[in-house]
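Colleague: Predicted model, plus sequence, below.
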Amino acid sequence: MPGIKILSPQLANQIAAGEVVERPASVLKELVENSLDAGATRIDIDVEQGGVKLIKIRDDGHGIPEHQLALALSRHATSKIDNLDDLEAVATLGFRGEALASIASVSRLTLTSNSGDSSGWKAVSEGRDMAVELQPAAHPQGTSVEVRDLFFNTPARRKFLRTEATEYNRIDDSIKKLALSRMEVSFSLRHNQRAQLNLRPANSQAEQEKRVADICGPAFMKEALYVDNDRTGIRLWGWMGLPTFSRSQTDLQHFFVNGRAIRDKVVSHAVRQAYQDVLYHGRHPAFVLFLEIEPADVDVNVHPTKHEVRFRDSRSIHGFVYSTLNRALSQDRPQDHLQSAGAALQSNQDAEQLAAQSSIQFPSGQGPAEQHSHSNKSAGDIFGAQPSYSGDRYGVNTPMAAYQGLYATEMPSEQGDIPPMGFAIAQLRGIYILAENAQGLIIVDMHAAHERIIYERMKTAFDDQGLVSQPLLVPESLAVSQREADMAEQSGEVFAQLGFVVERAANESIIVRQIPAILRGSEVEALLRDVISDLIEHGTSERIRHHINEILSTMACHGSVRANRKLTVPEMNGLLRDMEETERSGQCNHGRPTWSQLTLDELDKLFLRGR
C-alpha cells in the first residue's frame with residue numbers, strides 16, 4: 001500500500017460532496033436551507049434539464065459581505081455555530097459548513113450577494129483547483145447562487161442520475177416539503193423557463209390550510225383534522241388525515257421538528273399506534289405535523305443529510321405525539337364534519353312535516369325537547385346505554401328490537417334544532433339507512449356504524465371491569481437474551497397492569513405464570529417477545545392492548561347488525577343518535593367510512609335544478 005498522506009482539498013471536497021450532493025434535489029435543498037437561515041422572506045428558484053444544467057436560487061435574505069464571499073466557499077466555514085454549546089442547541093437548518101464547498105467541487109458555481117453595504121459582489125468557482133475569483137456585480141440585498149453543469153468533472157456520478165423528468169420530480173418534492181416547513185416564506189419555481197409553483201406567504205390558519213391544500217391536494221385538507229396541543233417546552237400542531245383518507249404508501253407523511261423535515265423511528269411508531277385502531281392493515285395515514293421543542297432537547301447532528309434526529313427524552317416525545325393524535329381521532333364525531341344545524345326548520349310545522357316523512361309520531365301533550373332528553377336517558381341495551389353484563393358479558397347479542405320505542409318520539413326541538421345525523425326516513429336493501437338532516441341526505445352503512453358503536457362500548461366496559469388474569473396450568477419458560485431478560489425484570493409493573501405475571505428465571509430466561517383471560521389461545525410467546533422488543537426500542541408498548549382490541553373488534557363484528565336485517569324507524573334513529581355520541585364513529589373497526597352526506601346543493605346539481 002502507498003504511504004499515508006493528506007488528501008488534496010479538491011478530493012476531500014468531492015468525497016464530502018458524496019455525502020450531501022447525491023443529485024440535483026439535494027443541491028437545491030442545501031441552498032434553499034441557506035436562504036431560510038439567512039432570513040429570506042422570498043425565494044425564487046429556476047432549474048433547467050431537471051437541475052443538471054442549471055439550479056439558480058435567489059433570496060432577499062441578509063446577504064454576505066464582500067470580504068466573506070470567498071470564505072463562504074471554503075470547507076467547514078459557517079456563520080451558524082461557533083462553539084460546542086452552539087452545536088448542542090442548533091437552531092438553524094444548516095450548520096456543518098460543507099454544502100457550498102462540496103457543491104462547488106462538482107459544478108460551476110457562481111455566488112452573488114449584497115449585504116446592504118455595497119452594490120454587490122460575485123464569487124466564481126469552477127470545481128477544478130477550487131480557486132475563487134471575485135468581481136463586482138449589481139445585486140439587490142440578498143443572495144443568488146447559480147449551479148451549472150452538475151457533476152461535469154465527475155462523469156461516473158453523473159451516469160447514476162435518472163431521467164430529466166425523474167430528477168425534476170425529486171426537486172418538486174423537495175421544494176414542496178421546504179415550503180411546508182416555512183409557511184411565512186413565499187416560493188416560486190420555474191423549470192425550463194415555465195412556471196411550476198407560486199406560493200404566497202401564509203400566516204393565518206386559513207392561508208396555511210390553502211398552502212397545504214396546494215401542496216398536498218384539496219382532498220387531503222377536506223379530510224383532515226387540525227390539531228394543536230402544547231405543554232411546557234413542547235408543542236405539536238398541524239393536520240392529520242382522517243382514517244378514511246388512508247394511503248397505500250407513506251407518500252403523504254410530513255413531520256417537521258423545529259422547521260426541519262425529519263424521519264424518526266420514535267415519531268413513526270407513535271403515529272402508527274395512534275391510527276392502529278382505525279386503519280386497514282397495510283394502509284398508511286396522511287399528515288402534515290409540526291413539533292416545536294427546545295433546540296437543546298433534540299440532536300440534529302446524527303446524519304450527514306440532516307434527515308434524522310435524536311431526542312433527549314424519546315419516551316416523553318413518543319407519549320406526547322401518541323396521546324395528541326389518539327385524542328384527536330377519538331374525539332372526532334360525525335357532527336364535526338357537518339355544517340351547523342342552525343339553518344334547521346323554520347317552525348314546528350316544518351318539524352311535524354319531517355316527523356311525518358320519518359314515520360315518527362309527534363306526541364300530544366309533550367314537547368319534543370323533553371322526548372329527546374328522555375330517549376338519551378334510556379338504558380339497558382347496546383344503543384344509548386352501557387352494555388349488559390349478565391349472560392352476554394358485553395351485550396353484543398342483545399336484539400335491536402328491545403330498543404324499539406326508545407326513540408319513537410324523538411323530534412326536533414321547538415326551536416327547530418335537528419340532530420347532526422338527522423332522522424331516519426328509509427332503509428335501502430337492508431344495508432343502508434337514509435336519513436334527513438338540516439343539510440340534506442345522510443347515508444349510513446348500518447353494519448359498519450353498529451360495529452364501531454359496539455366495539456367502543458366493549459373497550460369501555462373492558463377498561464372499567466379491568467383485566468382478568470388466568471394462571472397457566474404449566475408456566476411457560478422463554479429463552480431470551482440477557483438484555484431482554486433485564487427489560488422484562490424491570491418492567492414487572494407494566495406487565496402486571498396488562499394482566500401478565502412475568503418473572504425472571506435465569507440470566508437468559510423468563511417465566512410466564514399468568515396471562516389475561518381474553519388472550520387464552522393466543523400466541524403469547526411471540527406477543528411477549530414483541531412487547532419486550534418495543535420496550536427496549538421505544539420505552540413503551542401497546543402490542544398487548546392492540547391484540548386485546550383485535551379480539552374485541554372481532555367480537556363486535558360478529559355481534560353487530562348484519563346486512564339484510566330489517567330495522568324499524570326507531571331502531572334506525574337509535575343508531576343515528578349513538579353515532580353522534582360514539583368516539584371514532586366516522587369509520588368502522590377496519591377503517592371503512594360509516595356514513596356520507598349529500599347536501600341539497602349537491603342533490604340539486606345531480607338533477608340540474610336552478611338552471
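Modeller: Received the coordinates, thanks.

Colleague: Checking my notes, Trp237 in a helix, right?
Modeller: No - applying DSSP: H, G, I helix; E, B strand; the rest coil, one finds Trp237 to be strand, outside a helix.

Colleague: for it, what are its contacts?
Modeller: The contact partners of Trp237, by CB atoms under 8 Å, 6 or more residues apart in numbering, come to 226-230, 289-290, 292. C-beta here means a position set from N, CA and C on the backbone, and glycine is covered the same way.

Colleague: Mind doing that once more with 6 Å?
Modeller: Counting by CB atoms under 6 Å, 6 or more residues apart in numbering, Trp237 makes contact with 228, 290.

Colleague: Skipping adjacent residues, who's closest to Arg235 in space?
Modeller: Glu292 (4.4 Å; CB to CB, 6 or more residues apart in numbering).

Colleague: ok, residues contacting stretch 74-82?
Modeller: So stretch 74-82 is in contact with 13, 71, 87, 92, 95, 97, 101, going by CB under 6 Å, 6+ apart.

Colleague: end-to-end on that stretch?
Modeller: 16 Å (CA to CA, to the nearest Å).

Colleague: Buried residues, it. List them.
Modeller: Going by neighbour count (16 or more other CB atoms under 10 Å), the buried part of stretch 74-82 is 74-75, 78-81.

Colleague: just stretch 143-161 next, same as before
Modeller: By neighbour count on 16+ other CB under 10 Å, the buried set for stretch 143-161 is 143-151, 153-154, 157, 161.

Colleague: ditto for stretch 318-329
Modeller: Neighbour-count burial for stretch 318-329 [16+ other CB under 10 Å]: 318, 320-322, 324-326, 328-329.

Colleague: hey, which helix or strand in the chain has the poorest pLDDT?
Modeller: Lowest by mean pLDDT, DSSP states H and E among the helices and strands of the chain is helix 368-377, with a mean of 33.

Colleague: Do me a favour and average the pLDDT over the next helix or strand after that helix.
Modeller: Per DSSP states H and E, helix 368-377 leads on to strand 423-428 as the next helix or strand towards the C-terminus. In this model, strand 423-428 has an average pLDDT of 95.

Colleague: same question, stretch 588-601
Modeller: Stretch 588-601 comes out at a mean pLDDT of 89.

Colleague: The biggest helix by length in the chain versus strand 423-428: what angle between them?
Modeller: For the chain, the longest helix by residue count, based on DSSP state H, is helix 446-465. Orientation of helix 446-465 against strand 423-428 (axes from the mean of the first three to the mean of the last three CA atoms, to 10 degrees) gives an angle of 120 degrees.

Colleague: same for the helix or strand following helix 446-465, what does it pack against?
Modeller: Once the chain leaves helix 446-465, the next helix or strand it forms, by DSSP H and E, is strand 469-479. Contact analysis of strand 469-479 by 3 or more CB pairs under 6 Å, 6 or more residues apart in numbering; DSSP states H and E lists strand 509-516 as its packing neighbours.

Colleague: pretty sure Gln14 is touching Ser105, no?
Modeller: Yes - counting by CB atoms under 6 Å, Ser105 is a contact partner of Gln14 at 4.9 Å.

Colleague: more neighbours, those two?
Modeller: Remark: of Gln14 and Ser105, Ser105 carries more neighbours, 26 against 19, as counted by other CB atoms under 10 Å.

Colleague: Verify the contact between that one and Ile15 for me.
Modeller: No - between Ser105 and Ile15 there is no contact under CB under 6 Å: 9.1 Å.

Colleague: mind checking pLDDT for Arg393?
Modeller: In this model, Arg393 is scored at 37, pLDDT.

Colleague: Ok, the one 5 residues further on next?
Modeller: According to the predicted model, the pLDDT of Thr398 comes to 39.

Colleague: And for the one 10 residues further on?
Modeller: Predicted confidence (pLDDT) at Ala408: the value is 39.

Colleague: same check, this time on Ala17
Modeller: 66.

Colleague: before we move on, what about the one 10 residues further on?
Modeller: Confidence at Val27, expressed as pLDDT, is 94.

Colleague: Tell me which other helices or strands the helix or strand hosting it touches.
Modeller: Following DSSP H and E, the helix or strand that holds Val27 is helix 24-37. If contacts are counted by 3+ CB pairs under 6 Å, 6+ apart, helix 24-37 sits against strand 54-59, helix 164-181.

Colleague: so which of the ones you listed is the most packed in?
Modeller: When you average the neighbours per residue for each of the helices and strands packed on helix 24-37 (mean count of other CB atoms under 10 Å), strand 54-59 leads with a mean of 22.

Colleague: contacting residues for the residue lying closest to Ser481 once chain neighbours are set aside?
Modeller: Excluding the flanking residues, the one nearest Ser481 by CB to CB, 6+ apart is Glu508, at 6.2 Å. Contacts of Glu508 were listed using CB under 6 Å, 6+ apart, and they are 480, 482, 485.

Colleague: Give the buried residues for stretch 243-257.
Modeller: Within stretch 243-257, the residues that count as buried by 16+ other CB under 10 Å are 243-246, 252-257.

Colleague: Relative to Ala104, how far out is Ala131?
Modeller: Remark: distance between Ala131 and Ala104 (CB to CB, to the nearest Å) = 10 Å.

Colleague: More neighbours: which of the two?
Modeller: Of the pair Ala131 and Ala104, Ala104 is the one with more neighbours under other CB under 10 Å, namely 28 against 10.

Colleague: Wait, the more buried one touches Ala70, no?
Modeller: No - assessed by CB under 6 Å, Ala104 is found out of contact with Ala70, at 10.9 Å.

Colleague: Would you mind giving the secondary structure of Thr78?
Modeller: Following three-state DSSP, the label given to Thr78 is coil.

Colleague: Mind telling me what element Asp230 is part of?
Modeller: Using DSSP H and E, Asp230 sits in strand 224-231.

Colleague: ok, that strand: who's next to it in the sheet?
Modeller: Its sheet considered, strand 224-231 pairs with strand 234-241 (antiparallel) by DSSP bridges.

Colleague: can you give me phi and psi for Arg190?
Modeller: phi -130, psi 140 (degrees, to the nearest 10).
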